[in-house]
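S.K.: need coordinates for the following:
(2 chains)
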Protein chains: 2
Amino acid sequence: MRFRSPAFRRSSGAAVFLSMLIAAAPARAQAPAGLPQDVVATAASLHREALAGTRAYEIVRSLTVEVGPRPAGSKAHDAAVAWGLRTMKELGFQNVRAEKATLPHWVRGAESGEIVAPYPQPVHLAALGGSVGTPEAGIEAQVIQVPSLEAAAKLDPAQVKGKIVFYDVHMRRSKDASGYGEAVPVRGMGAVAAAKLGAVAVLIRSIGTDNNRTPHTGTMRYQDGVEKIPAAALSIPDADLLAAQIATGKPVTFRLKLGARAEPEVEGASVVGEIPGREKPEEIVLLGAHLDSWDLGTGAIDDGAGCAIMMEAARRIAQLPKKPRRTIRVVLYANEEFGLSGGRAYAEAHKDELARHVMSGESDLGSGRVWRISSHVDPAKLPIVASLARLLGVEQGNNEAGGGADISTLAPARVPVIALAQDASAYFDYHHTANDTLDKIDPKDLDQNVAAWAAVAYAIADMPGDLGRAPEGAGRE
Amino acid sequence: MRFRSPAFRRSSGAAVFLSMLIAAAPARAQAPAGLPQDVVATAASLHREALAGTRAYEIVRSLTVEVGPRPAGSKAHDAAVAWGLRTMKELGFQNVRAEKATLPHWVRGAESGEIVAPYPQPVHLAALGGSVGTPEAGIEAQVIQVPSLEAAAKLDPAQVKGKIVFYDVHMRRSKDASGYGEAVPVRGMGAVAAAKLGAVAVLIRSIGTDNNRTPHTGTMRYQDGVEKIPAAALSIPDADLLAAQIATGKPVTFRLKLGARAEPEVEGASVVGEIPGREKPEEIVLLGAHLDSWDLGTGAIDDGAGCAIMMEAARRIAQLPKKPRRTIRVVLYANEEFGLSGGRAYAEAHKDELARHVMSGESDLGSGRVWRISSHVDPAKLPIVASLARLLGVEQGNNEAGGGADISTLAPARVPVIALAQDASAYFDYHHTANDTLDKIDPKDLDQNVAAWAAVAYAIADMPGDLGRAPEGAGRE
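M.R.: Residues are numbered from 1 along each chain as shown, chains lettered A, B, ... in the order given. Predicted coordinates for the structure are as follows:
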C-alpha cells in the first residue's frame, strides 16, 4: 500500500445515508434484491471453514523466506514472479501466466545521516523511493524545521535557501488508516515544496506510528522545472532527537549521504491465475494484491499478506464440489509501490474484457481483521452489499470505495469495486520499514481475511445477477 | 546492564524464610530493630513528593540529546564525563570530580551480513562487543544451527569444522530479568565453544524479547589458546529467517563482514559528586549507575535512566532542610559495559574508605518500576530492610543481592548492598540495541524509581545505626 490522497477520509453523506436506510429496512423488504439463499449458504460455509484455519500463513511464509525484499526492477522481483507462477500452479490455479509490465529500477545504495552540530550523533534514515542521491561527500547544511507542508508554504525563501527542510509531521494512529491519509502528502510533495524555496535537501519524520529506529520509506515525486533535491525519512526516535536538538535554540547542522540512483527500466511481470467459472467463464471476479515490496523489509504485511489472502481465498473456492458460475482471477501485480506498473499494464492488456469484469477487489493493508465492507457499484445493487455485510458480520461502509491502488486503474471502465477494510491500527508501525517481516502477522487474522474474501468472491461469482457498473469516476476512498 | 550469571536466579531459601518470618511478625516486636520513626517520616515524605514529579526525565533527556551513544574509549565517553561534571554542579552536588579509569577502545566499524544460499537475503546484525573483525572480503561458510551452548558441546567437530555456528537460543520474557540470566551465557561463551570445534564464525539469535530488526549487542569473551573467531547477533526476525531457511533442509550459506577492531586503551573517567553528611561525613552511602552506553542506541534505558534516578534522588535529599547524618555519594561509573573499568578503578582508589561505606546501591535495569527490595547486609539488620520494604510498598526479597555490576567490585570489602528490583518485562525489548532511546522511558516510572532510592538513601544515611557488614562473598543475585 502506498498512497491514498487526503480525500480518502471524506465520506459521501448520501451513500452512507442510503446504506443506513437499507441496513435498517426489514429483511423481508430487501430479500429480493439481495443474494439468493443457496449462494449465501455456500458462501457462509466457505466463511466458517476458513475461520477454522487456512494455508494463507504458509503462503506468505514461503514468499518472505524464499524471496524476501522484492522491489521493482530487482532480480528479487523476478524471483517473486517465479515464486508466484510456481505457487499458483501448486495451489491448483488454471491459466497461470506472467503478464508483462515495464518496471522502473530505483536503487537505494548506501546511505547515512548524522547531526553534526550542536551535539554530534548518528541517525537512522532511509531515502524516499525515487529520491536522487547526494554528492559522494554528502550534503551538509543547517536544518530548518516545519510542522507541515502548509507551514512550509508560508516560509520566506530567504529563510530556507541553502538549508535542509525538516518536515516534522506527526502521524495519528487510526483503525481506518485515515491518519495515514492526513500525514502522507508531505512524503510525496515535500521535496518539491522545499526546492521551490531554495532548500538543498529534505528530511521528513517517518510516516508511521511506531517508536522504532526503522525509518519508513515510500514514494516521493519531483516536478518538471523544479530542482530535484534528495529526500529521506528519519526514524521516529531520530526525528524526536533532531527536534530536541533544534529545541535547544542552537543552530543545527546535518550531514546527509544518499547513494540513491535511477537505473534503466527493466521488463518484469505480474502473475495471473484463474479458477474458471462453470457457466460464464468469460465473466471475471478479480482479486488483486501486489507482488512487489519495498527493499527494506521482507514484504510480509505489504503485501505478502494480500497475496496470500487472495490466493488462498480463490483456492478454497476451487475446492468446492461445484465451481461458481463466473471465473475468479487472482492477479499478483508487478510493482505497485513504485508507480503501479502491473496495474496499468493489466488495464491496458485487458481493456477489451474489462466490461466483463463484474467485480474487482484488492487486499493491500496488511493482515489486520476485516471490519467493514464498502463498495463502488450500481447504487441499485447496494442490497447485495448489505447481504455480504451481514454474511461477514461487519459494518457496511459507503459506496465510494476505491478498493486499492492497482485496481484503481480499472475505474475508467466502471468495474464494480468491493472493498474490505482491514483494521490498520498496527499496520503503520511496520509499513515500508525493515520491520515488515513475517512475525508481524497473526495467522488467525490472516484466516479471517481469507474467510471474508472467499465468501465475497464466491457470492459475486456465483449469484445470478451482478453488481451493475460502478458510477462514473473512481471511488474516493 | 551487561551480564548476570545464571546464578542470578537462584534464591537462598534460608534468607527468604527469615525475611518472611520478619514480615509476618507483629509491628511492635520488630520496631526496635527497624528504622526510627523520625527517619521513616522524612523518608516517607521524600518518597511521596517524588511520586508527584521529579527532574529525572529532564536529566536523562539531556544526556541522550546532548551526548547520545557513549561507548568506552570514544570521544562521546569524554563528552559524557563533561556532561556529568556540569550536570552534577548544576544540580548542587559538592566535591564534584572526575576519577580516572583506563578504558578499552573497541570500534564496531562497518558490518553486514547476508544469506547467500539457498534464498539470498540481506539480514540485520551487530558484532558482539569485543569481537574480532572478518577479513575485508568477509567470511562465507555454511551455517550449522544449535539450540544451546549445551547442544553445541555435543557436536562432532567434523560437523562444525569450517562452518558458522548459529546459536538459536530463545530468550524468555520475565519481570525479574531471570530470562536474561538463562539466555545470555551463549553471548559471552559461544565463540570460544564454537572455535574449539573448528567453527570460523558465530551468529547468535539476539538476546532480547522484541520482534524488531534491531540486533542486540553486548560483550563476548575469548580464551587464551583458543582461536578468536568473529561473533555477531542477528536481530530476532533475522534469526527467524535464518532458521526458516535452514528448516527447508537445504544447505544454508552465509556471508559475514565485520569491521570490528580493538584500538589502544585510553584514559577516561567516572564522575563523582556528593551530598556531604551533617554528622558523619566520612561515612558513605553510595548510589551508582553507569555513564557509558553501547554504541548502537542513545543509552536512555541503559543506563541514562539509572544516572538520572540516582542523581535526582540525591538532589532531592540535598534540598531537605536538614541534611542526613552521612554523606551520599553518587558515582556515574566509566565503562560498565565493556569490563567494569570505573567499578574496578573506584574500588582500588577508595580501598581505604570502603570500610566506611555503609551502603551501596546501583540502578541499572532501565526505567521499569521498583517492585522488590533485596539486600546483602548483616542478617541481624534485616528488620531495617523490612522497614524499607513497608515504606516503599514493595516486596522484600532475599539477602543475596549483588546489587549491580559496578558495585560488585566492593564485595570483597563487605560493603552492604541494597538492591531495588525494577520491572524488567519490557527492558529486553530494547536493551543493547539502536532502539535504546528516550521515547522508551515513561517519566512517571522514572519518578517512582527516584522516590524509592531517595527514601532508601536518606533512611540509611540518617539512621543512628547501620547495616553492619555484608556476609562474606558477593551476593549471587
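S.K.: only C-alpha atoms from now on, for both contacts and neighbour counts.
M.R.: OK.
S.K.: where does the prediction get shaky in chain A?
M.R.: Counting by pLDDT under 70, chain A has low-confidence residues at A:1-32.
S.K.: name the residues of it found near chain B, please.
M.R.: Neighbours of chain B within chain A, by CA under 8 Å from any CA of the partner chain: A:65-69, A:119-121, A:211-214, A:237, A:241, A:244-245, A:434-435, A:437-440.
S.K.: which residues of chain A fall in helices?
M.R.: In chain A, helices defined by DSSP state H lie at A:13-24, A:27-30, A:37-51, A:56-66, A:75-90, A:149-153, A:157-160, A:178-183, A:185-196, A:236-247, A:305-318, A:341-349, A:382-392, A:443-462, listed in chain order.
S.K.: just how off-centre is stretch A:421-436 within its chain?
M.R.: 10 Å (CA atoms, centre = their mean, to the nearest Å).
S.K.: to clarify, my last question referred to stretch A:171-185.
M.R.: 13 Å.
S.K.: first-to-last residue distance for that stretch?
M.R.: By CA to CA, to the nearest Å, the extent of stretch A:171-185 from end to end equals 11 Å.
S.K.: A:Gln223: neighbour count?
M.R.: Taking other CA atoms under 10 Å in any protein chain shown as the criterion, the count of residues near A:Gln223 is 12.
S.K.: surely it and A:Val192 touch.
M.R.: Yes. With the criterion set as CA atoms under 8 Å, A:Gln223 and A:Val192 qualify as a contacting pair; they are 6.5 Å apart.
S.K.: neighbouring contacts of stretch A:457-472?
M.R.: Stretch A:457-472 is touched from outside by A:35-36, A:39-40, A:43, A:277, A:284-285, A:287, A:314, A:317, A:324-328, A:358-359, A:376-378, A:381, A:384, A:411-412, A:414-417, with contacts defined as CA atoms under 8 Å, 6 or more residues apart in numbering or on different chains.
S.K.: returning to what we had before: including mean neighbour count, could the helices of chain A go into JSON lines?
M.R.: Formatted as JSON lines, the entries for these read as follows, by neighbours: other CA atoms under 10 Å in any protein chain shown:
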{"stretch": "helix A:13-24", "mean neighbour count": "14"}
{"stretch": "helix A:27-30", "mean neighbour count": "12"}
{"stretch": "helix A:37-51", "mean neighbour count": "19"}
{"stretch": "helix A:56-66", "mean neighbour count": "22"}
{"stretch": "helix A:75-90", "mean neighbour count": "19"}
{"stretch": "helix A:149-153", "mean neighbour count": "15"}
{"stretch": "helix A:157-160", "mean neighbour count": "15"}
{"stretch": "helix A:178-183", "mean neighbour count": "21"}
{"stretch": "helix A:185-196", "mean neighbour count": "23"}
{"stretch": "helix A:236-247", "mean neighbour count": "22"}
{"stretch": "helix A:305-318", "mean neighbour count": "27"}
{"stretch": "helix A:341-349", "mean neighbour count": "21"}
{"stretch": "helix A:382-392", "mean neighbour count": "22"}
{"stretch": "helix A:443-462", "mean neighbour count": "27"}
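S.K.: a markdown table for these, including distance to B:Ile204?
M.R.: Supplementary listing: those in a markdown table, determined by distance: least, CA to CA, whole Å:
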| stretch | distance to B:Ile204 |
| --- | --- |
| helix A:13-24 | 54 |
| helix A:27-30 | 60 |
| helix A:37-51 | 37 |
| helix A:56-66 | 19 |
| helix A:75-90 | 27 |
| helix A:149-153 | 44 |
| helix A:157-160 | 47 |
| helix A:178-183 | 37 |
| helix A:185-196 | 37 |
| helix A:236-247 | 26 |
| helix A:305-318 | 28 |
| helix A:341-349 | 40 |
| helix A:382-392 | 44 |
| helix A:443-462 | 27 |
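S.K.: which stretch among those helices comes nearest B:Ala153?
M.R.: Nearest to B:Ala153 among these is helix A:56-66; the distance by CA to CA comes to 29.3 Å.
S.K.: from the contact counts, what lies against the closest one?
M.R.: Other helices and strands packing on helix A:56-66, by 3 or more CA pairs under 8 Å, 6 or more residues apart in numbering or on different chains; DSSP states H and E, are helix A:305-318, helix A:443-462, helix B:236-246.
S.K.: for the nearest residue to A:Ala231 once chain neighbours are set aside, give its distance to A:Pro157.
M.R.: Counting by CA to CA, 6 or more residues apart in numbering or on different chains, A:Val202 is the residue found nearest to A:Ala231 once chain neighbours are left out, at 4.6 Å. Distance of A:Val202 to A:Pro157, given as CA to CA: 15 Å.
S.K.: could you list every residue that touches the residue nearest to A:Ala231?
M.R.: The neighbourhood of A:Val202, defined by CA under 8 Å, 6+ apart, consists of A:164-167, A:190-191, A:194, A:229-232.
S.K.: ok, so of those residues, who is nearest A:Gly397?
M.R.: Proximity of these to A:Gly397 (CA to CA) peaks at A:Gly190, which lies at 32.0 Å.
S.K.: show me what contacts that closest one?
M.R.: So A:Gly190 contacts A:149, A:167, A:202 (CA under 8 Å, 6+ apart).
S.K.: any chance of the residues you listed in TSV, plus distance to A:Gly366?
M.R.: Listed next are the contacts of A:Gly190 as TSV, based on distance: CA to CA, whole Å:
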residue	distance to A:Gly366
A:Leu149	28
A:Tyr167	26
A:Val202	28
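S.K.: wait, which of those residues is closest to B:Ala454?
M.R.: Nearest to B:Ala454 among these is A:Tyr167, at 41.4 Å by CA to CA.
S.K.: one step back: are any of the contacts of stretch A:457-472 buried, and which?
M.R.: When neighbours are counted using 16 or more other CA atoms under 10 Å in any protein chain shown, these contain these buried positions: A:35-36, A:39-40, A:43, A:277, A:284-285, A:287, A:314, A:317, A:324-328, A:358-359, A:376-378, A:381, A:384, A:411, A:414-417.
S.K.: and the closest residue to A:Ala424 other than its chain neighbours, how many neighbours does it have?
M.R.: Nearest-residue entry for A:Ala424: A:Lys175, 4.8 Å, with adjacent residues in sequence omitted and distances by CA to CA, 6+ apart. Residues contacting A:Lys175 under the criterion other CA under 10 Å number 15.
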